[in-house]
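Trainee: I would like to see how this sequence folds:
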Amino acid sequence: MSDMARESMEFDVVIVGAGPAGLSAACRLMQQANEAEHEITVCVVEKGSEVGAHILSGAVVESRALDELFPDWKELGAPLNTPVTEDQIFMLKNEEKAIKVPNMLVPKTMHNHGNYIVSLGNLCRWLAEQAEQLGVEIFPGFAAAEVLYNDDGSVKGIATGDMGVSAEGEQKDSYMPGMELHAKYTVFSEGCRGHLGKELIEKFDLDAKADAQHYGIGIKELWDIDPDKHQPGLVLHGSGWPLDDASGGFFLYHTENNQVVVGLIIDLNYS
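Mentor: Numbers count the residues shown, from 1 in each chain. Below is the predicted model of the structure:
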């Protein structure tokens, strides 16, 4: 076994996960610090090879939070290029037949006028550019593998995973120990099933007064379709076929470049 010690770096804030939550938090922290003419160091670690690599969802975005974070996001080139033009909801009876739900019966929460069909991966890449221009350090390709604690039990920061370890767990000649990132504040935005988050929930009993989390399985593809059938801005939702023994539904978003985001969400009550 190697006796190589882990190096450490000190930051004011370490953020785990370069998704919309982590990157927007980093941007806002630096904006506030710059407005107050106060120097702080903010670091974001991301397990993906690049920012956006693990952001797979198709999405319709309501831009209010972005309006607050960057009021001039249009001038800055944020990739919100496809405004929603129409909502449709269908109940699929079988492979060939469907019933369209009248607009008057569509719940208000499913009206997307004023929203945008986006690639969340592209949006995160853009947010990362804004964060770096504000002075945030972003480290893609580094997974947060371990939570570090102070002697009093508070969170000290995180350690990244070791490099050069074989599938059997043995250290190879290329072995490099992970890096410790220490911070006054550590923000965990690694997703709903992040392994560090699950550890923190258990250690600090964070779910003691909370309902159990509810999960589903999401399946998504990006289709190139015939331009004659493409309607930029069209948003379709629905349920029914092929889900006969489980609850869930589908989405179909006509985005830019003759592409359609197609997805199916299934609750975990299927047999």
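Trainee: Helix or strand next in line after the helix or strand bottoming out on mean pLDDT in the chain, which one?
Mentor: Every helix and strand of the chain was ranked by mean pLDDT, DSSP states H and E. The lowest is strand 163-165, at a mean of 77. Using DSSP states H and E, the helix or strand that follows strand 163-165 in sequence is strand 171-176.
Trainee: Hmm, residue 132 is touching residue 138, no?
Mentor: Yes: assessed by Cβ atoms under 8 Å, residue 132 is found in contact with residue 138 at 6.1 Å. In this view, the C-beta of every residue, glycine as well, is placed from N, C-alpha and C.
Trainee: Which of those two has more residues huddled nearby?
Mentor: In this view residue 132 and residue 138 are compared by other Cβ atoms under 10 Å, and residue 138 has more residues nearby, 21 against 16.
Trainee: and the more buried one, that one's in a strand?
Mentor: Yes: remark: residue 138 belongs to a strand, assigned using DSSP: H, G, I helix; E, B strand; the rest coil.
Trainee: Quick check: the gap between the residue nearest to it when sequence neighbours are not counted and residue 125.
Mentor: For residue 138, ignoring the flanking residues on the chain, the nearest one in space by Cβ to Cβ, 6 or more residues apart in numbering is residue 44 at 4.7 Å. According to Cβ to Cβ, to the nearest Å, residue 44 and residue 125 sit 13 Å apart.
Trainee: In terms of neighbours, single out the busier of those two.
Mentor: Remark: of residue 44 and residue 125, residue 44 carries more neighbours, 27 against 18, as counted by other Cβ under 10 Å.
Trainee: Could you name the helices and strands sitting against the strand or helix carrying the more buried one?
Mentor: Assigning secondary structure by DSSP H and E places residue 44 in strand 42-46. Packing contacts for strand 42-46, counted by 3 or more Cβ pairs under 8 Å, 6 or more residues apart in numbering; DSSP states H and E, involve strand 8-16, helix 20-35, strand 137-140, strand 180-188.
Trainee: pLDDT of that strand, averaged?
Mentor: Throughout strand 42-46, pLDDT has a mean value of 97.
Trainee: Give me the buried stretch members for it, please.
Mentor: Buried residues in strand 42-46, counted by 16 or more other Cβ atoms under 10 Å: 42, 43, 44, 45, 46.
Trainee: same deal with stretch 199-217?
Mentor: Here stretch 199-217 shows residue 200 as buried, counting by 16+ other Cβ under 10 Å.
Trainee: Endpoint to endpoint, that stretch covers what distance?
Mentor: Stretch 199-217 has its terminal residues 22 Å apart, counting by Cα to Cα, to the nearest Å.
Trainee: Isn't residue 12 up against residue 42?
Mentor: Yes: using Cβ under 8 Å, residue 12 is in contact with residue 42, at 6.5 Å.
Trainee: What segments of the stretch 51-200 of the chain are helices?
Mentor: Counting by DSSP state H, counting those that start in this stretch, the stretch 51-200 of the chain has helices at residues 64-69, 120-134, 195-203.
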